[in-house]
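Chemist: Got a sequence here, can you build the structure:
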Amino acid sequence: MEEQRKIKLYEFQKKIGINFNNLELLNKAFIHPSFSYERHTGNEENNQRLEFLGDAVLQLIISQWIYEEFPECSEGELTKIRAFLVCEDSLSKISKSLYLGDYLILSKGEELSGGREKNSILADTFEALLGAIYLDQGLEAAREFTMERFKDMVGKLKKGIIITDYKTTLQEILQRKSPDRIFYNVIKEEGPDHDKTFYVEVKWKDEVLGRGLGKSKKEAEQHAAKEAIDRLDKKYKFW
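Modeler: Numbers count the residues shown, from 1 in each chain. The predicted structure follows:
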């Protein structure tokens, strides 16, 4: 690893308050698959395996946390809360607050297409980073890191400020006015299979109420529903 890269990673460690025993592991957390594909190296040379592990660690930490914080919630409600917390939008916002994009190692093509600012890449990088923290520092360190980043969102959820299921909320709003069905349509898909983005619009009474995008159709639908709620709220002041 080049000295300049080491210096940059040392700065990042100070920012998050964690000193890695294995600096190469931290570095790998920032290597996007496009870079290894460009270099024709194997999967062990990018952050995909760390992302896989980090996703599981994140699910465990968040699941236990909200299980304890929301004793009144059913299994289904806890599932919705967890889905909100670990969605691409939430993870990318946390990544941006940590400036993870500044530390990414990308292919030339991904660099030119604005990869450092892509929500999907930033969300994946957060999970890879968490996987690296878990391997290098253990579960408790990963838990402390995670809870510090999510505490504001969990606090708002406890106060009932955040809606966790926009599709259900939108349906409830519209059914007060009419029983007409709501339709979610995929209007576009783009990107390779390992990093596909879905574009969805939500229609009601032949009117497009909102549009959204996400790494999955379900996530894109939630974003479309949220935009629809925001627009309806400005028009009718539901809250």
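
Chemist: Residue 72: neighbour count?
Modeler: By the criterion of other C-beta atoms under 10 Å, residue 72 has 5 neighbours. C-beta: built from backbone N, CA, C; applies to glycine.

Chemist: And the one 3 residues further on, by the same measure?
Modeler: Summarising burial for residue 75: neighbours were counted as other C-beta under 10 Å, giving 8.

Chemist: what do you get for residue 146?
Modeler: Counted with other C-beta under 10 Å, residue 146 comes out at 23.

Chemist: List the contacts of it.
Modeler: Each residue near residue 146 by C-beta atoms under 8 Å, 6 or more residues apart in numbering is listed here: 58, 61, 62, 130.

Chemist: where exactly do the helices run in the protein?
Modeler: Applying DSSP state H to the chain gives helices spanning 3-16, 23-28, 33-39, 48-69, 75-85, 88-97, 108-112, 119-137, 139-158, 166-175, 217-236.

Chemist: so which of those gets nearest residue 187?
Modeler: helix 217-236 (9.6 Å; C-beta to C-beta).

Chemist: Alpha carbons of that closest one, as CSV, please.
Modeler: Taking Å, rounded to 0.1, in the frame of the first residue of the first chain, the C-alpha atoms of helix 217-236 are listed here in CSV:
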residue,chain,number,x,y,z
LYS,A,217,-38.2,-2.7,-6.7
LYS,A,218,-39.5,-2.6,-3.1
GLU,A,219,-37.1,0.1,-2.1
ALA,A,220,-38.0,2.2,-5.2
GLU,A,221,-41.7,1.8,-4.5
GLN,A,222,-41.1,3.1,-0.9
HIS,A,223,-39.3,6.1,-2.3
ALA,A,224,-42.1,6.8,-4.8
ALA,A,225,-44.7,6.5,-2.1
LYS,A,226,-42.7,8.9,0.1
GLU,A,227,-42.6,11.5,-2.7
ALA,A,228,-46.3,11.1,-3.2
ILE,A,229,-47.0,11.7,0.5
ASP,A,230,-44.8,14.8,0.5
ARG,A,231,-46.6,16.2,-2.5
LEU,A,232,-50.1,15.4,-1.0
ASP,A,233,-49.0,16.9,2.3
LYS,A,234,-48.1,20.2,0.7
LYS,A,235,-51.4,20.2,-1.1
TYR,A,236,-53.8,19.0,1.7
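
Chemist: So which bits of that helix are buried?
Modeler: Going by neighbour count (16 or more other C-beta atoms under 10 Å), the buried part of helix 217-236 is 219, 220, 221, 222, 223, 224, 225, 226, 227, 228, 229, 232.

Chemist: need the contact list for the first one.
Modeler: Same thing as residue 219. Per C-beta under 8 Å, 6+ apart, neighbours of residue 219: 87, 88, 89, 198, 212.

Chemist: just the second one next, same as before
Modeler: If a contact means C-beta under 8 Å, 6+ apart, then residue 220 has 186, 198, 199, 200, 212, 213, 214 as its contacts.

Chemist: ok, the residues you listed vs residue 173, which is closest?
Modeler: Nearest member of the contacts of residue 220 to residue 173, counting by C-beta to C-beta, is residue 212, at 16.5 Å.
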